[in-house]
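[1] Quick check, what structure comes out for this input:
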Amino acid sequence: MSNRSESASGNPAPADSEDKLITWALALAQLVSWGSVYYSFSLLVVPMEQSMGWGRTSTNAALSVGLLVSGFVAYPIGRWIDHGLGRRVMAVGSVIAAAMLLLWAGAQSLTLLFVAWIGLGISMAATFYDPVFAVVTHRYPRSFRTKITLITLVAGFASTVFIPLTQLLVGSVGWRTSLVVLAALNLVVCLPIHVMAIRSSRTDARSRPESRDVKLANDAATRRALRTPTFWALAVCFTAYYATFAALTFHLVPLMVERGVSNAVLVTTMALIGPAQVAARAVWFTFGRTIHVSTIGIIVVTLFPLSTIILITAGHSAALLWLFALCYGAANGMMTILRGTIVQDLMWTEGYGAVSGMLSFPSNIAKGIAPIAAAGIWNLTHGYVVVEWTVFLVSILSAIAFLVAVRASRHAALSST
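    Predicted coordinates for the structure are as follows:
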């Protein structure tokens with residue numbers, strides 16, 4: 001793929017000021033998309049269960065189904081973006097998000113809740129990090145790393161903004177009206193941004209003389225990925241990582257409660273994770289240009305198992321639990337950027353949307369299954385000790401797979417010279 005600094009429509013790239021405005025706008029849309037769909041669930045689920053009499057297992061199963069659906073549709077969505085449909089994909093994704101939040105708001109049965117989360121799974125695959133990373137990579141082949149880092153830096157405040165906002169809404173107008181407000185935000189904020197900031201459409205793609213050649217190159221790059229050891233190593237790395245992260249994220253509070261950690265320490269530990277994510281991304285944004293992304297990746301995949309060992313040995317120690325939260329949050333904060341940039345560095349940019357979608361498929365399935373699997377281990381062993389050690393061992397697998405990916409990429413580069 002050419003490294004021309006052009007938009008997906010083939011026109012010359014806009015001025016730097018316009019590029020910055022577009023990047024900030026896409027970052028704002030990410031903040032709203034993540035905050036209104038993903039982070040709102042934990043605050044809405046309890047009042048919803050109390051109102052409707054639904055069980056915790058059933059409501060969380062709806063979330064898991066949504067995550068699984070997002071994994072299944074990630075590849076076709078990425079392929080559509082590769083073919084110049086980024087604007088349509090993300091704009092329609094925002095409309096679907098709003099429609100499904102409204103359906104959830106009016107749900108009177110578990111069936112409708114599951115239908116809503118199936119739709120929200122599609123919207124997440126169309127509006128979250130993967131699609132915007134693909135759009136930015138194709139539009140800014142020379143500066144996508146900086147822009148992706150900035151987008152994740154801003155979006156990292158989604159929980160900081162939307163957790164208290166959603167809590168305030170639930171307390172003042174109830175969970176159903178809160179969902180209506182969140183739906184409106186997707187239509188008022190995200191939809192206009194995705195329509196105006198993304199210059200890619202089927203009409204644009206057809207108007208380009210090289211459109212067919214680009215599609216063929218993207219499709220060939222996707223098929224080539226399946227024959228590349230680097231791709232499979234990255235697939236293992238990300239799947240193992242997101243499985244452990246999801247398991248630990250959803251079980252961290254009950255784990256600390258089981259240990260008898262005081263409420264003040266527990267709350268502080270949880271509160272440190274978000275700022276640690278944002279701080280790590282800010283450090284990457286500031287210094288990341290001078291360090292190769294694979295080097296930062298090694299730091300990231302090492303930091304997560306280190307944080308797990310700290311958690312295992314922390315006991316009731318507030319200092320160690322807070323150190324865990326900082327390492328854990330920093331690892332996840334940087335992993336998001338790594339996930340958006342490492343494919344281009346270790347492989348290629350052609351067909352990035354589809355390749356990224358293929359990597360997301362097992363990762364998103366792992367996100368949906370891991371919390372339930374962790375609960376199953378807890379039920380069998382009557383405690384979280386085995387869960388913690390399982391998370392540690394799988395995180396080691398993630399680190400090893402990343403090192404294999406880096407080695408395989410370097411070997412392929414040497415072989416081609």
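
[2] Least confident secondary structure element in this protein?
    When each helix and strand of the chain is scored by mean pLDDT, DSSP states H and E, helix 202-207 comes last, with a mean of 45.

[3] ok, now which ones touch Arg259?
    With contacts taken as CB atoms under 8 Å, 6 or more residues apart in numbering, Arg259 has the following neighbours: Gly315, His316, Tyr384. Any C-beta I mention is one placed from the backbone N, CA and C, and that applies to glycine too.

[4] ok, and the closest non-adjacent residue to the first one?
    The reference is to Gly315. Arg259 (7.0 Å; CB to CB, 6 or more residues apart in numbering).

[5] Figure out the helix or strand that Gln393 lives in.
    Heads up, residue 393 is Leu, not Gln. Taking DSSP states H and E as the criterion, Leu393 maps to helix 385-416.

[6] Who are the packing partners of that helix?
    Using 3 or more CB pairs under 8 Å, 6 or more residues apart in numbering; DSSP states H and E as the contact criterion, the neighbours of helix 385-416 among helices and strands are helix 229-259, helix 293-314, helix 318-346, helix 352-381.

[7] looking at the ones you listed, which is closest to Met48?
    Within the helices and strands packed on helix 385-416, the stretch nearest Met48 is helix 229-259; the backing value is 17.3 Å (CB to CB).

[8] Report the distance from that closest one to the chain centre.
    Centre-to-centre, helix 229-259 and its host chain are 13 Å apart (CA atoms, centre = their mean, to the nearest Å).

[9] Taking helix 318-346 as reference, get the angle to it.
    For helix 229-259 and helix 318-346, the angle between their directions (axes from the mean of the first three to the mean of the last three CA atoms, to 10 degrees) works out to 170 degrees.

[10] Which parts of helix 229-259 count as buried, going by neighbours?
    Going by neighbour count (16 or more other CB atoms under 10 Å), the buried part of helix 229-259 is 230-252, 255-256.

[11] With stretch 107-126 instead?
    107, 113-126.

[12] Over to Ser109: give its phi and psi.
    Geometry field for Ser109 lists phi and psi as phi -150, psi 160, criterion degrees, to the nearest 10.

[13] Return the members of the contacts of Arg259 classed as buried.
    Under a neighbour-count criterion of 16+ other CB under 10 Å, the subset of those counted as buried comprises Tyr384.

[14] Could you export the contacts of Arg259 to CSV, including columns for pLDDT?
    What follows is those, written out as CSV (pLDDT from 0 to 100):
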residue, pLDDT
Gly315, 89
His316, 88
Tyr384, 88
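
[15] okay, which residue is most central for the chain?
    Within the chain, the residue whose C-alpha comes closest to the C-alpha centroid is Tyr129; the distance, by CA atoms, centre = their mean, is 5.3 Å.

[16] Surely Thr313 is in contact with Leu320?
    Yes - with contact defined as CB atoms under 8 Å, Thr313 and Leu320 form a contacting pair (6.9 Å).

[17] neighbour-wise, which of those two wins?
    When Thr313 is set against Leu320 and neighbours are counted by other CB atoms under 10 Å, the residue ahead is Leu320, at 16 against 11.

[18] Check whether the more buried one really touches Ser307, as I assumed.
    No - counting by CB under 8 Å, Leu320 stays clear of Ser307, with 10.6 Å between them.

[19] returning to what we had before: per-residue pLDDT of the residue nearest to Gly315, please?
    With respect to pLDDT, Arg259 has a value of 90.

[20] again with Trp284
    pLDDT, the model's per-residue confidence, is 85 for Trp284.

[21] just Phe162 next, same as before
    According to the model's per-residue confidence, Phe162 sits at a pLDDT of 87.

[22] That one should be in a strand, yeah?
    No - with DSSP: H, G, I helix; E, B strand; the rest coil as the criterion, Phe162 is helix rather than part of a strand.

[23] That one and Gln30: what is the separation?
    Remark: distance between Phe162 and Gln30 (CB to CB, to the nearest Å) = 12 Å.

[24] do the same with Tyr328
    The value you get for Tyr328 to Gln30, if CB to CB is used, is 22 Å.

[25] For these two, indicate the residue with more neighbours.
    When neighbours are counted by other CB under 10 Å, Tyr328 comes out ahead of the other of Tyr328 and Gln30, with 26 against 22.

[26] and the gap between the nearest residue to that one once chain neighbours are set aside and Glu388?
    For Tyr328, ignoring the flanking residues on the chain, the nearest one in space by CB to CB, 6+ apart is Ser307 at 4.2 Å. Per CB to CB, Ser307 is found 11 Å from Glu388.

[27] Show me which of those two is the more surrounded one.
    More neighbours surround Ser307 than the other of Ser307 and Glu388, with 25 against 21 (other CB under 10 Å).

[28] wouldn't that one be in contact with Phe324 here?
    Yes - with the criterion set as CB under 8 Å, Ser307 and Phe324 qualify as a contacting pair; they are 5.3 Å apart.

[29] Which residues does stretch 68-81 contact?
    Outside of stretch 68-81, the residues that reach it under the criterion CB under 8 Å, 6+ apart are 88-89, 117-118, 121-122, 124-126, 128, 130-131, 134-135, 138, 200, 218, 222, 351-358, 360-365, 367-369.

[30] Over to stretch 361-376?
    Stretch 361-376 has contacts (CB under 8 Å, 6+ apart) with 60, 63-68, 70-72, 74-75, 125, 235, 238-244, 246-251, 387, 390-391.
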